[in-house]
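Visitor: Sequence first, then the predicted structure:
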Amino acid sequence: MALLTQTAGSLVAILALAGLAWWLKLGGAPRLDSAEAVARAAGEVEDGFAPVATSHDAEGASALARDGAGRIMVIRRHGNRFAGRVLGPGATARPDVQPGEFNLVVDPGEPRFGKVFLTLPDAQAWAEAINRLNAGKDA
């Protein structure tokens, strides 16, 4: 009987802790599903980065943000946090890569960061903006 009581008590405690975590919205995968979420993540990646334009992936796993100075940041989920890079002249973007799966591939030019695959409604415009970053490299 003591073992049954101990097991029931443990189960109640586990369920109470799970309920508390759910209520506090702890755990789970963070999402980039709004302009505010993208702005918050961009500010965490680089202090002071204030986006004036954003676009987030349909799944909320990655996003692009542009600040007032014209800098573009690519952000992606990395575990339960976000990682991002401000794109420079080595960055490239290819639109309409796999329609139905993703429609933009952004290569920040850093092999350790890797390519970011996004599904955006405005993929062509972002690809053109990212590829214009290379114009300064050729001049």
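Guide: The structure has been received and is ready for your questions.
Visitor: what's whichever strand or helix holds A127 in contact with?
Guide: In the assignment (DSSP states H and E), A127 maps to helix 123-132. Contact with helix 123-132 is made by 55, 64, 66, 72, 87, 91-96, 103-104, 106, 120, as judged by C-beta atoms under 8 Å, 6 or more residues apart in numbering. In short, each C-beta sits where N, CA and C put it, glycine included.
Visitor: Okay, F113 and D107: tell me how far apart.
Guide: According to C-beta to C-beta, to the nearest Å, F113 and D107 sit 9 Å apart.
Visitor: quick one on the thing from earlier: how about the helix holding A127: buried residues?
Guide: For helix 123-132, burial by neighbour count (16 or more other C-beta atoms under 10 Å) applies to 123, 126-127, 129-130.
Visitor: what are the ranges of the strands in the protein?
Guide: Applying DSSP state E to the chain gives strands spanning 51-56, 62-67, 72-78, 81-86, 92-98, 102-107, 116-118.
Visitor: re earlier: same list, the buried residues of helix 123-132, but as CSV with distance to A50 and pLDDT please.
Guide: CSV is the format used below for these (distance: C-beta to C-beta, whole Å; pLDDT from 0 to 100):
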residue, distance to A50, pLDDT
A123, 23, 88
W126, 18, 93
A127, 23, 93
A129, 17, 93
I130, 19, 93
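Visitor: What's the mean pLDDT across stretch 85-95?
Guide: If you average the pLDDT over stretch 85-95, you get 91.
Visitor: so where's the protein uncertain?
Guide: 97-101, 136-139 (pLDDT under 70).
Visitor: Apart from its chain neighbours, what residue comes closest to P95?
Guide: The spatial neighbour of P95 that comes closest, neighbours along the chain excluded (C-beta to C-beta, 6 or more residues apart in numbering), is A127 at 4.1 Å.
Visitor: Relative to L32, how far out is that neighbour?
Guide: Counting by C-beta to C-beta, the gap from A127 to L32 is 19 Å.
Visitor: quick one on the thing from earlier: among F113 and D107, which residue is more densely surrounded?
Guide: The neighbour count for F113 versus D107, taken as other C-beta atoms under 10 Å, is higher for D107 (18 against 15).
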